[in-house]
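A.B. asks: missing the sequence, but the structure's below:
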């Protein structure tokens with residue numbers, strides 16, 4: 001048995017063979033629909049996750065933990081080692097009065113629906129964000145004048161030493177698309193948010209209003225990772241890109257959306273290299289014309 005087979009067998013013993021895939025295309029697990037194969041793709045539940053992560057660290061197996069893959073650009077040559085997806089097997093949602101406790105893999109859309117059914121308001125902004133609550137906490141996700149830091153109470157994380165700890169939101173240094181979670185190497189296990197009682201009809205109406213706004217202004221008909229660049233202080237990334245004459249610019253199968261210049265979309269056959277090259281072109285042109293540095297909101301993972 002070679003080393004790769006041993007690692008596979010060992011992880012099967014920890015998470016179950018039905019929850020581990022070999023040479024799994026990452027294009028199936030990112031909203032860009034781009035990415036080469038992961039050597040191993042692991043789908044643990046809350047009980048097996050700590051053991052899987054500990055095994056990878058102990059045996060020096062590269063380990064990439066992902067959520068819904070909605071802000072990732074994965075390299076065309078795939079990902080070495082193990083990709084650990086916190087997804088459907090860690091997606092339980094519990095409502096307790098105005099508190100919603102959700103495992104990290106719960107989708108924001110599912111949490112918004114659960115909150116609306118209980119007449120809880122404050123989460124409508126997140127209903128259309130195509131991510132999981134764990135990822136939303138990590139990046140302090142937000143939209144339409146709402147963000148996670150407005151409602152986040154605490155998170156439970158798996159720390160690098162294997163300990164599980166619950167931390168109040170105040171300790172996370174939440175700011176625009178930022179928290180200290182990635183830098184600490186913490187893995188979010190669950191999140192608690194605090195909402196307010198409201199009228200169901202008003203909540204549903206607001207969610208429908210935001211859905212229509214997204215549909216009318218964003219290129220939801222194409223795969224993308226949402227906003228490609230962070231909002232520069234004092235500017236809007238999409239407007240800078242448009243003003244630079246880059247609306248509709250393309251590289252291979254990747255294109256600056258003609259509908260919303262803040263999005264780079266996959267026209268159907270884009271590679272990771274296409275997207276990265278187009279991003280670099282956009283950054284260079286905006287810097288040259290306006291002196292503004294565009295910082296990617298998209299995270300680069302894997303082998304390019």
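C.D. replies: It's in. Note that this is a predicted model, so its numbers are computed, not measured.
A.B. asks: now for residue 76, how many residues are close by?
C.D. replies: Using other Cβ atoms under 10 Å, residue 76 is surrounded by 18 other residues. Backbone N, C-alpha and C define where each C-beta goes, glycine included.
A.B. asks: pull the contacting residues for it.
C.D. replies: Listed by Cβ atoms under 8 Å, 6 or more residues apart in numbering, the contact set of residue 76 reads 34, 35, 36, 271, 272, 273, 303, 304.
A.B. asks: next step: these restricted to helices.
C.D. replies: Judged by DSSP state H, the contacts of residue 76 include 272, 273 as members of helices.
A.B. asks: hmm, which of the contacts of residue 76 are the buried ones?
C.D. replies: Among the contacts of residue 76, those buried by neighbour count (16 or more other Cβ atoms under 10 Å) are 34, 35, 36, 271, 272, 273.
A.B. asks: in TSV: the contacts of residue 76, plus distance to residue 46 and pLDDT.
C.D. replies: Output for the contacts of residue 76, formatted as TSV (distance: Cβ to Cβ, whole Å; pLDDT from 0 to 100):
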residue	distance to residue 46	pLDDT
34	29	98
35	26	98
36	29	98
271	35	98
272	31	98
273	36	98
303	30	97
304	32	94
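A.B. asks: which one of the contacts of residue 76 sits closest to residue 238?
C.D. replies: The nearest member of the contacts of residue 76 to residue 238, counting by Cβ to Cβ, is residue 34 at 21.2 Å.
A.B. asks: give me the phi and psi for the closest one.
C.D. replies: phi -130, psi 140 (degrees, to the nearest 10).
A.B. asks: please report how far it lies from residue 185.
C.D. replies: Distance of residue 34 to residue 185, given as Cβ to Cβ, to the nearest Å: 26 Å.
A.B. asks: returning to that earlier point: got JSON lines for the contacts of residue 76, with distance to residue 214 too?
C.D. replies: As requested, the contacts of residue 76 are exported to JSON lines (distance: Cβ to Cβ, whole Å):
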{"residue": "34", "distance to residue 214": "22"}
{"residue": "35", "distance to residue 214": "24"}
{"residue": "36", "distance to residue 214": "30"}
{"residue": "271", "distance to residue 214": "27"}
{"residue": "272", "distance to residue 214": "25"}
{"residue": "273", "distance to residue 214": "29"}
{"residue": "303", "distance to residue 214": "33"}
{"residue": "304", "distance to residue 214": "30"}
